[in-house]
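Trainee: show me how the following folds:
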Amino acid sequence: MFKKLLLTVFVLAAVNAFGQVSTTTTKVRYAGNGSSTEFAFNFPLPGDDTSDLLVILGTVATGGETILTETTHYTVTATNNEFASGGTVTTVATYSTAYTLTIERNSPDTQEADITTDSGVLRKAVLEGAVDKNTMLIQQLQTDLDRTPKFPRTDPSSSLGDYPPLITRAGKSAVYDSEGLPAVTGTAPPGLSEFSFINDSTNYADLDTAVADIGSTKTTLYITGNTTASANLSVPSTLTLRFHRQGALVIGAGITVTINGPIEAGRHQIFTSSGTAAFGAGVNDAILPEWFGFLPEINTDAQAILNLDAFKKIVVAASAAKIPIEFGTGTYYPEYGTSRIITLLDNLTIIGQGKHITTIKWREVGGAGSTNGLMRDDGNGVDNLVFRNIAFDNTDVTPGASWVVGTVIWVGVTGSGDAVESDNITIDNCKFISRSRSMLITKTDNVLITETDCVVASAVTGIPGIVVMNGSTNVRIIGCRVEDQTADAAVACINVQASNMLISDNIIGSSIDSTAILVEGEDNILITSNIIDLSSATNVNCNGIIIDGCDVVKIIGNLIIGHASPTGPDGVGIGIGSRRNNTELTIENNQIINFWTSIRIGNSTAVTFGDHYVSHNVLVDAGENAFLLDVDGSVTYTNAESSFLNNEVRGTNNRAHFNMPTDAGDLVIDGNVGFQIRLNTLSSDHSTIIGTNTGGAPTYRETVLDSLATAQYDKIDWQGNVLYVQTTAMDLSGGAESIELFGYDFDKAYYIANIIMYYSEASSGDAGIALSPFLFDTSTGSVRAFTVYTSEINKAVRTRIKHRVVNNDNYTTPAFFVFTNAGGKSGTGEVVATLKLIEQ
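Mentor: Numbering: from 1, shown residues only. The predicted structure is shown next:
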């Protein structure tokens, strides 16, 4: 009786714990709506262990899945914590319509029950064995399922379909339809066009026969050996040629094979003999030079000759098909000799694996050549030319006396005669290892040169540089590096004759010929954010930036460093107009170090200058002149305005010279620090406006001012650092008297701009006050007398006369001013004298 009762209790307990599993549903799926956070499920969970629940967030757009974490992302509840009929998942966040939420039972494949009773009708071993067996079967089934493709858990039930029946899918291909459901192709077995067949060239006598036999059937033809083309042939776009390493097309002389389908081949030769291999437009991503026998890392005369011939064929094929030529790693050695060059054609792109990885280095064969240019156009210009991620080396090419033989890239006019027209040339992330010129591009619209290095090989003299000439337009030279030139070849590091031009963010060395950046004869030019370092120049008097004959030019934010020991008279940080007209120029926010002249505008051979704006530059350690506006007074300069504003000079040579012709426009000098301003010649019909300038010791060179013609001096408008001090009223007929002036700083030095005589009463008679201004040096006690100014006779009341002071000896120590009135004159009335002082 006891045993039966015990068994009954055990069975009842088991039933109460597990209950019935009355539904086959194991998951439920919801679409987000942006507001709901409670999601019900109607399938039971074993016991109260909510870890058997898997909650998955699906992304509609991508199909991606994210398994959410209980407590962090959601909680699970049920009535009385009983999950026999399901429960509710409450999410922490709300999910928009861009998401789905899938709730699935995911019980572990284990059997954890341990029945310890070993008596009565139900035996532990039997029960555990049965349960264990079921668990094993489940695990075995799961193992099989793990090796099968499965629909994502987040797919809706409607997307899970069966394949069509046997009779429908017989002879068909399995696919998925537009709804993502299993399907088969078409209503009949697919045609040949739906498959790509494989064939072998050894099955045919030649390529001609293979193409005729295969026709338009989509096929890959393996070229496993030498396969001959016996006549002109067009390979259809449906035929892919796949070359084994030993396979090649043998194209005889006078025969052209045009390939309109893809080529699959490595970097090995696949075209042999003297015929022509051509390509349909864009059929391949790239043409590899090795296909034509242009092979790397073989530096012999024989291979260089073969490489050049192959290079010529590649250029023709690539240009016609508009397919890039892609070089691999290593160095390729083409030949150079007289007339042995590459002719550049339209729509040509040459790329490598990187400017430090891929190099084309020319090998001189048979002695020095005489043809200008290693790669050049045919004399008719070239359009759409691109060089990218590759290095070019002409170190082994003899440059000749003019240093143009062996120029790597030569486009356009070669000297005299009409210039040709070219369009769209790009040189990007390249490197030129230059003995002769790196490039010469002329008469071209839209030139882009970026991230390109122009350097010289070790122990070799050369002239690396960027030259874009002869009226080119829309030119951008950005982020390049040009090393010091080590050969005197009459060329600047960057030499440009182009309008609508940007030269920025370059690092530039020196030119023995003299100039880092030379811009000539064009307009609309911005030169900014460059670093020019001429400190190691062979020529100690190199120039930084020279602008000659240009309109609307801005030179902004450059760092220009000259040689540490310039000797002059050449050597200019920024120079404007050594030979030709220049107008509308801005020189702003540059730092210029160690030049004989930091900034020079014009010289005696310049013709005409337009408005100039020189502002906020820092000029350091000039050898002779910090600033030189040096225009011969005999040249045309009508109404040209100049401004010299807020510049700073550092160092002992702080002179700023202004040599303006008499017909020049307004000149404004204001806000400058540290300059000794020398007004050598000024306009006599336009104003020279002088604001607050400081620190020149003296700021205004008095001996230069004293030498100005009166008409020029009278056009000076002193607006800064001006101080007026005046005498008391002096009787025209009174006795001798000395009048000490007050109202100025005795610890400062002043330049006397003018003495103004003011008649408070009418003067008469035949004489007046003889006014003697004196300067008493407070440090030495010495006395300096200035010119005696005599009052005018017969002047009406309130007459004002301004006298110019000459022989205004400069002094560097503080002093004070005294007037001596000789008195005893016959005139009547009174005079007040006022000194117009300029702080030095």
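Trainee: please look at residue 91 and residue 73 and confirm they touch.
Mentor: Yes: the criterion here is C-beta atoms under 8 Å, and residue 91 meets it with residue 73 at 6.4 Å. Just so you know, the C-beta spots here come from the backbone N, C-alpha and C atoms, and that holds for glycine as well.
Trainee: more neighbours: those two, which one.
Mentor: Comparing residue 91 with residue 73 by other C-beta atoms under 10 Å, the one with more neighbours is residue 91, at 18 against 15.
Trainee: what's that one in contact with, if anything?
Mentor: Residue 91 sits next to 37, 38, 39, 68, 73, 74, 101 when contact means C-beta atoms under 8 Å, 6 or more residues apart in numbering.
Trainee: check residue 567 too.
Mentor: So residue 567 contacts 540, 541, 596, 623 (C-beta under 8 Å, 6+ apart).
Trainee: let me know the secondary structure of the last one.
Mentor: Pointing back at residue 623 there. coil (DSSP: H, G, I helix; E, B strand; the rest coil).
Trainee: per-residue pLDDT of it, please?
Mentor: For residue 623, the model assigns a pLDDT of 85.
Trainee: what's stretch 381-390 in contact with?
Mentor: 324, 327, 344-355, 357-360, 409, 411-412, 420-431, 443-444.
Trainee: only alpha carbons, please: show that stretch as PDB.
Mentor: Extracted in PDB, the C-alpha atoms of stretch 381-390 (Å, rounded to 0.1, in the frame of the first residue of the first chain):
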ATOM      1  CA  GLY A 381      47.800  67.700 -78.600                       C
ATOM      2  CA  VAL A 382      46.200  65.000 -76.400                       C
ATOM      3  CA  ASP A 383      43.000  64.700 -74.400                       C
ATOM      4  CA  ASN A 384      42.100  62.800 -71.300                       C
ATOM      5  CA  LEU A 385      45.500  61.700 -70.100                       C
ATOM      6  CA  VAL A 386      46.000  60.200 -66.600                       C
ATOM      7  CA  PHE A 387      49.100  59.000 -64.700                       C
ATOM      8  CA  ARG A 388      48.500  57.600 -61.200                       C
ATOM      9  CA  ASN A 389      50.300  55.700 -58.500                       C
ATOM     10  CA  ILE A 390      53.500  55.200 -60.400                       C
END
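Trainee: could you list the buried residues of that stretch?
Mentor: Residues 381, 382, 383, 384, 385, 386, 387, 388, 389, 390 are the ones in stretch 381-390 that count as buried (16 or more other C-beta atoms under 10 Å).
Trainee: may I ask which helix or strand of this structure has the lowest mean pLDDT?
Mentor: helix 2-18 (a mean of 35; mean pLDDT, DSSP states H and E).
Trainee: following it, which helix or strand comes up?
Mentor: Where DSSP states H and E defines the elements, the next helix or strand beyond helix 2-18 is strand 27-31.
Trainee: pretty sure residue 284 contacts residue 262?
Mentor: Yes: between residue 284 and residue 262 there is a contact at 6.2 Å, judged by C-beta under 8 Å.
Trainee: ok, back up a step: can you say which of the contacts of stretch 381-390 are buried?
Mentor: In the contacts of stretch 381-390, the ones that pass as buried (16+ other C-beta under 10 Å) are 324, 327, 344-352, 355, 358-360, 409, 411-412, 420-431, 443-444.
Trainee: follow-up on the earlier one: which of the contacts of residue 567 lies closest to residue 835?
Mentor: Closest approach between the contacts of residue 567 and residue 835, by C-beta to C-beta: residue 623, at 37.4 Å.
Trainee: and stretch 505-516, how far out from the chain middle?
Mentor: 19 Å (C-alpha atoms, centre = their mean, to the nearest Å).
Trainee: how about it: buried residues?
Mentor: 506, 508, 509, 510, 511, 512, 513, 514, 515, 516.
Trainee: I'd like the mean pLDDT over that stretch, please.
Mentor: 88.
Trainee: got it, and stretch 87-104?
Mentor: pLDDT averaged over stretch 87-104 gives 94.
Trainee: CA atoms only: put it into CSV for me.
Mentor: C-alpha atoms of stretch 87-104 as CSV (Å, rounded to 0.1, in the frame of the first residue of the first chain):
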residue,chain,number,x,y,z
GLY,A,87,3.5,34.8,-21.3
THR,A,88,4.6,38.4,-22.2
VAL,A,89,7.9,39.9,-23.3
THR,A,90,8.2,43.5,-22.3
THR,A,91,11.0,45.5,-24.1
VAL,A,92,12.9,48.3,-22.6
ALA,A,93,12.8,50.3,-25.9
THR,A,94,10.2,50.8,-28.5
TYR,A,95,11.0,49.7,-32.1
SER,A,96,9.9,51.4,-35.3
THR,A,97,8.6,49.9,-38.5
ALA,A,98,12.2,49.4,-39.6
TYR,A,99,12.4,46.4,-37.2
THR,A,100,10.8,43.1,-36.4
LEU,A,101,10.7,41.2,-33.1
THR,A,102,10.8,37.4,-33.0
ILE,A,103,10.1,35.4,-29.8
GLU,A,104,11.2,31.7,-30.0
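Trainee: picking that back up, who has more neighbours out of residue 284 and residue 262?
Mentor: residue 284 (19 against 14).
Trainee: to which secondary structure element is the more buried one assigned?
Mentor: Going by DSSP H and E, residue 284 is not part of any helix or strand.
Trainee: do residue 90 as well
Mentor: Using DSSP H and E, residue 90 falls within strand 87-91.
Trainee: so where's the stretch 601-750 of the chain shaky on pLDDT?
Mentor: Residue ranges of the stretch 601-750 of the chain with pLDDT under 70: 603-610, 630-640, 734.
Trainee: mind listing the strands for it?
Mentor: 612-615, 618-620, 625-630, 642-645, 648-650, 655-659, 667-670, 676-681, 688-690, 716-718, 722-726, 730-731, 737-740, 750-759 (DSSP state E, counting those that start in this stretch).
Trainee: compare those strands and give me the one nearest residue 482.
Mentor: Short answer: strand 618-620, nearest of the strands of the stretch 601-750 of the chain by C-beta to C-beta, at 23.0 Å.
Trainee: the closest one: how far from the chain's middle?
Mentor: 27 Å.
Trainee: give me whichever of the strands of the stretch 601-750 of the chain is most buried.
Mentor: Mean neighbour count (mean count of other C-beta atoms under 10 Å) peaks for strand 625-630 among the strands of the stretch 601-750 of the chain, with a mean of 25.
Trainee: how big is the angle separating it from strand 676-681?
Mentor: On the basis of axes from the mean of the first three to the mean of the last three C-alpha atoms, to 10 degrees, strand 625-630 is oriented at 10 degrees to strand 676-681.
Trainee: list the strands paired with strand 625-630, with their directions.
Mentor: strand 597-601 (parallel), strand 655-659 (parallel) (DSSP bridges).
Trainee: next, format those strands as TSV and append distance to residue 62.
Mentor: Shown next, in TSV, are those (distance: least, C-beta to C-beta, whole Å):
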stretch	distance to residue 62
strand 597-601	60
strand 655-659	67
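Trainee: would you mark the buried spots in the strand holding residue 90?
Mentor: 87, 89, 91.
Trainee: between those residues, which is closest to residue 711?
Mentor: residue 91 (90.3 Å).
Trainee: measure that closest one to residue 70 for me?
Mentor: For residue 91, the distance to residue 70 equals 11 Å [C-beta to C-beta, to the nearest Å].
Trainee: can you tell me how far residue 740 is from residue 820?
Mentor: Applying C-beta to C-beta to residue 740 and residue 820 gives a distance of 10 Å.
Trainee: ok, residue 679 next?
Mentor: Counting by C-beta to C-beta, the gap from residue 679 to residue 820 is 30 Å.
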